[in-house]
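>>> okay, sequence plus prediction incoming.
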Amino acid sequence: MKHFVSRHTVRETLGMVFQRMSVEAGVIKCKAAVLWEQQQPFSIEEIEVAPPKTKEVRIKILATGICRTDDHVIKGTMVSKFPVILGHEATGIVESIGEGVTTVKPGDKVIPLFLPQCRECNACRNPDGNLCIRGDITGCGVLSDGTTRFTCKGKPVHHFMNTSTFTEYTVVDESSVAKIDDAAPPEKVCLIGCGFSTGYGAAVKTGKVKPGSTCVIFGLGGVGLSVIMGCKSAGASRIIGIDLNKDKFEKAMAVGATECISPKDSTKPISEVLSEMTGNNVGYTFEVIGRLETMIDALASCHMNYGTSVVVGAPPSAKMLTYDPMLLFTGRTWKGCVFGGLKSRDDVPKLVTEFLAKKFDLDQLITHVLPFKKISEGFELLNSGQSIRTVLTF
Ligand code: COD
Ligand code: ZN
């Protein structure tokens, strides 16, 4: 009996030691969509995810949206290091935290943030700023100590926009994660991590749309629809949607546009058409296409004296604008914003709470939900123009 007990104890003890070792080692093996090089399909691979270092957080991803910016890396129109794990619009659960992390704990529901908020740099400390100095704008693809936490087939795999969400587990800096309400549905609120907030924030935070005003939105994709929702929630009384594709009008009206027009329907410049329609009273315009011509059209379309025009669409790289400075001299305000001008860690949890209070509806933006392994199908839907947002679930 004694012999049995002691053998049992040894086995148990060994088991405990082994368990402790694996916790200490802390590497998680899981599936991820790895992009080995541009213009190539994703490859679903087994990867190793190292434990979070000091001030880092390891997250189990629950749902992730597919954004056009991810596709820019595949096509090579956005700079990235390879191999890389893309994805930057997600919801997850904190699996473990590194030393010194105080703002989230294991089990918290979170949204990873492609735009961090360190709360220390000038942009974070200024009430009007949001472009935190810790953002990975150069596409270096590593965490703050200059290394990556992902390995595949013995090779380091790069991070993307501080987030990398096309994987079952990721590691991010504490400044790149926001704790959200536990009750939030992951496959919906992931959109608050990018597309929705980019448009909604442009209206409520950057444009500061006033109640009773007239707003015009150029481009009725998912981000443009989110601008409409922002204008509506700010109390705009007239919201005019503009798109070349009239198929976009129905959804725009459903989320709050009061009318929609195509620039092709008139031979007059769109600014004249809008001036006639509104009695020369367009308070705010939003460019949500990313084209130089429509940026100027949007500027010219807001009121010459008190109008504000917001550039939401990312301009094509290395292109210059030429415009009549008289457009600004008379008093127009011309602004732009990334992530709607929102402060990510402060504003994302607030938007989730507002969503739960039914202040806006994300269902209109989600056209497809697919299992993670069908990621390539999700990108086909994006490229064929069939989807607004596809959400991948794990
Ligand atoms: N006139 C009117 N409408 C047009 C024109 C035109 N000349 N050209 C295209 N359109 C319409 C299209 O028919 C389409 O409906 C719409 O414009 C564009 O919509 P989508 O579906 O292509 O794109 P979105 O809404 O998902 O995103 C568009 C942005 C321009 C906002 C996006 O590409 C972007 O630049 N995002 C901002 C960058 C950013 O903040 N990045 C950070 C992380 S993503
Ligand atoms: Zn995005």
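Structure received. Ligands and ions are numbered 1, 2, ... in the order given.
>>> gap between the closest residue to ligand 1 within the chain and ligand 2?
Nearest residue of the chain to ligand 1 (C-beta to the nearest ligand atom) works out as Gly221 at 2.1 Å. All C-beta spots, glycine's among them, are computed from the backbone N, C-alpha and C. As for Gly221, its distance to ligand 2 is 12 Å (criterion: C-beta to the ion, to the nearest Å).
>>> same check on Gln39?
Gln39 is 20 Å from ligand 2, where distance means C-beta to the ion.
>>> switch to numbering from 858
OK, 858 is where the count begins now, so the last one is Gln896.
>>> hang on, the earlier thing: quick one: contacts for the residue of the chain closest to ligand 1?
Gly1078 makes contact with Lys1105, Val1145, Ile1245 under the criterion C-beta atoms under 8 Å, 6 or more residues apart in numbering.
>>> recalculate using a threshold of 7 Å.
Val1145, Ile1245 (C-beta atoms under 7 Å, 6 or more residues apart in numbering).
>>> for it, give me the pLDDT.
Predicted confidence (pLDDT) at Gly1078: the value is 96.
>>> before we move on, what about Asp993?
Note on Asp993: pLDDT of 83.
>>> surely it is in contact with Asn1019?
Yes - if you go by C-beta atoms under 7 Å, Asp993 and Asn1019 touch, sitting 5.2 Å apart.
>>> who has more neighbours out of the two?
Asn1019 (24 against 21; other C-beta atoms under 10 Å).
>>> by mean pLDDT, which helix or strand of this protein comes out lowest?
When the helices and strands of the chain are scored by mean pLDDT, DSSP states H and E, helix 859-882 comes last with a mean of 40.
>>> next secondary structure element downstream of it?
strand 885-891 (DSSP states H and E).
>>> in that next one, what's buried?
Under the neighbour-count criterion of 16 or more other C-beta atoms under 10 Å, strand 885-891 has Ile885, Cys887, Lys888, Ala889, Ala890, Val891 buried.
>>> in contact with Pro1151, which residues?
Check again: residue 1151 is Thr, not Pro. Counting by C-beta under 7 Å, 6+ apart, the residues that Thr1151 touches are Phe1075, Glu1144.
>>> what's the per-residue pLDDT of it here?
Reading off the model, Thr1151 has pLDDT 98.
>>> that one belongs to a strand, doesn't it?
No - counting by DSSP: H, G, I helix; E, B strand; the rest coil, Thr1151 is not part of a strand but helix.
>>> quick one: the helices in the stretch 1058-1207 of the chain?
1079-1090, 1106-1112, 1127-1135, 1149-1158, 1183-1186, 1201-1213 (DSSP state H, counting those that start in this stretch).
>>> tell me which of those sits most buried.
helix 1079-1090 (a mean of 27; mean count of other C-beta atoms under 10 Å).
>>> which residues touch that helix?
Applying C-beta under 7 Å, 6+ apart, the external contacts of helix 1079-1090 come out as 1052-1053, 1055-1057, 1059-1061, 1066, 1072, 1074, 1096, 1098, 1108-1109, 1112-1114, 1143, 1145, 1169, 1216-1217, 1221-1222, 1245-1246.
>>> can you narrow those residues to ones near ligand 1?
Of the residues in the contacts of helix 1079-1090, proximity to ligand 1 by C-beta under 6 Å from any ligand atom holds for Thr1055, Val1145, Val1169.
>>> in contact with the last one, which residues are there?
Shown in contact with Val1169 (C-beta under 7 Å, 6+ apart): Thr1055, Gly1056, Ala1059, Val1080, Val1084, Phe1143, Glu1144, Val1145, Cys1194.
>>> can you tell me the element the second one falls in?
When elements are defined using DSSP H and E, Gly1056 is found to belong to helix 1052-1058.
>>> just the CA atoms of that helix, as CSV, please.
The C-alpha trace of helix 1052-1058 is given here as CSV (Å, rounded to 0.1, in the frame of the first residue of the first chain):
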residue,chain,number,x,y,z
GLY,A,1052,-14.8,50.1,-40.2
PHE,A,1053,-17.8,51.4,-38.1
SER,A,1054,-15.8,53.7,-35.9
THR,A,1055,-13.8,55.2,-38.8
GLY,A,1056,-17.1,56.4,-40.3
TYR,A,1057,-19.2,57.1,-37.2
GLY,A,1058,-16.3,59.0,-35.5
